[in-house]
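Enquirer: here is the input, now give the coordinates:
(one chain, ligands or ions: 1)
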Amino acid sequence: MAASMTVKSATRVAQGMLKRCEFTARSLGNTQTIFAAYLPDVTEFKKLPVVYWLSGLTCTDENFSQKAGAFQAACDNQVVLVMPDTSPRGDGVPDEDPHTYDFGIGAGFYLNATTDKYKTHYNMYDFVVKELPALVEANLPVTDKRAISGHSMGGHGALTIGLKNPERYSSVSAFAPICNPTKVPWGQKAFKFYLGSDEQSWKQYDATELISEYKGKDLHILCDCGTADNFLVGDVNQLQPLAFMEAAQKAKVPVTFRMQAGYDHSYYFMSTFIREHLEHHARFLHAQN
Ligand SMILES: N[C@@H](CCC(=O)N[C@@H](CS)C(=O)NCC(=O)O)C(=O)O
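Expert: Okay, the predicted model is just below:
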């Protein structure tokens, strides 16, 4: 039997409701977790497919809700949005001391940790792939058709989860994704703590590694990255879009990757293109099999 959830708040927006829901997540060490769901009014009469949104470093379920301006586009495209947190939280959830913004709470990296300190709580991969959709599909008016999208660390999550589970998603998109985490400081730090020092085991969570071996169906991958993104053109290129594009090209996997002139890493950038991403997902979510 699927777990039950509590609706903490319901706010009217864009001809629909934004509900913040709470439940006890097994994959996060039985901690309480909050996710948000935007439900267009039409879900009172019929079930809709879901776009899962994965946020980036430091975010909760609220950043996307408050800053992306996505709800009218979701309503217009007849999709539900589900927005989880980015890590486990609460008493007893381990972290490094002192806490840093790019690891631990707010930085779960959408993987299943294997190191002793983190493996009980930090299983955001299982949470996003299985536990959350099972809960959502049992408790909300949605179908089992899914797309996945995300930003930065969440873009890494969307690409890796999509590439590892093509049967579960009809399309994948990302904004400024961390494309090659095994080769950049953000990923190397997180993977060492969560997965240990065997770098071979890191590759299963690296989109560039995964796409170079990918043989599955067309995932209709759409990515946007700003040419003025501070994590692309700053001191360190944490995103590595070219490595991903080159690997996709070599493996002959279709990817639409757009470099958007002048945009940075922020929600201003995402709010500009989120409608195009939701239109993209809706095209495949509503297609008849
Ligand atoms: N040093 C920055 C890095 C974090 C950052 O840029 N996070 C992005 C995702 S990688 C974000 O979405 N931040 C939250 C927001 O803009 O609302 C900070 O601590 O704020």
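Enquirer: Trp186 should be in a strand, yeah?
Expert: No: Trp186 is assigned helix when assessed by DSSP: H, G, I helix; E, B strand; the rest coil, not a strand.
Enquirer: how much space between it and Glu167?
Expert: Look at Trp186 and Glu167: by CB to CB, to the nearest Å, they are 29 Å apart. Yep, even glycine has a C-beta here, placed from its N, CA and C like the rest.
Enquirer: the more surrounded of these two?
Expert: Comparing Trp186 with Glu167 by neighbour count (other CB atoms under 10 Å), the higher total belongs to Trp186, at 21 against 7.
Enquirer: need the residues that contact the helix or strand where Thr143 lies.
Expert: Per DSSP states H and E, Thr143 falls inside strand 142-151. With CB atoms under 8 Å, 6 or more residues apart in numbering as the test, strand 142-151 has contacts from 43, 47-56, 64, 79-80, 128, 133, 136-137, 155-158, 161-162, 168-177, 270, 277, 281, 284-285.
Enquirer: among those residues, name the buried ones.
Expert: Among the contacts of strand 142-151, those classed as buried by neighbour count (16 or more other CB atoms under 10 Å) are 43, 48-56, 64, 79-80, 128, 133, 136-137, 155-158, 161-162, 168-177, 270, 277, 281, 284-285.
Enquirer: next, check those residues against the strands and list the overlap.
Expert: The strands, defined by DSSP state E, take in Leu48, Pro49, Val50, Val51, Tyr52, Trp53, Leu54, Val80, Val172, Ser173, Ala174, Phe175 from these.
Enquirer: mind putting those into a markdown table with distance to Tyr122 and pLDDT?
Expert: Formatted as a markdown table, those follow (distance: CB to CB, whole Å; pLDDT from 0 to 100):
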| residue | distance to Tyr122 | pLDDT |
| --- | --- | --- |
| Leu48 | 31 | 98 |
| Pro49 | 29 | 98 |
| Val50 | 24 | 98 |
| Val51 | 24 | 99 |
| Tyr52 | 19 | 99 |
| Trp53 | 20 | 99 |
| Leu54 | 15 | 99 |
| Val80 | 27 | 99 |
| Val172 | 23 | 99 |
| Ser173 | 25 | 99 |
| Ala174 | 21 | 99 |
| Phe175 | 23 | 99 |
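Enquirer: is it possible to get TSV of these that adds distance to Ile105?
Expert: Converted to TSV, these look like this (distance: CB to CB, whole Å):
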residue	distance to Ile105
Leu48	32
Pro49	31
Val50	26
Val51	25
Tyr52	21
Trp53	19
Leu54	16
Val80	27
Val172	26
Ser173	26
Ala174	23
Phe175	22
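Enquirer: wait, what's in contact with the residue of the stretch 51-200 of the chain found nearest the ligand?
Expert: Minimum separation of the stretch 51-200 of the chain from the ligand (CB to the nearest ligand atom) falls at Gly56, amounting to 2.6 Å. Gly56 sits next to Thr86, Gly150, His151, Ser152, Met153, Gly154, Gly155 when contact means CB under 8 Å, 6+ apart.
Enquirer: which among the residues you listed are in contact with the ligand?
Expert: Counting by CB under 6 Å from any ligand atom, His151, Ser152, Met153 from the contacts of Gly56 sit close to the ligand.
Enquirer: and the buried ones among those residues, selectable in PyMOL?
Expert: The buried residues among the ones next to the ligand among the contacts of Gly56 can be selected in PyMOL (16+ other CB under 10 Å) with this line:
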select buried, resi 151+152+153
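Enquirer: dump the ones next to the ligand among the contacts of Gly56 to CSV, plus pLDDT.
Expert: Output for the ones next to the ligand among the contacts of Gly56, formatted as CSV (pLDDT from 0 to 100):
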residue, pLDDT
His151, 99
Ser152, 98
Met153, 99
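Enquirer: I'm done for today, thanks for sticking with me.
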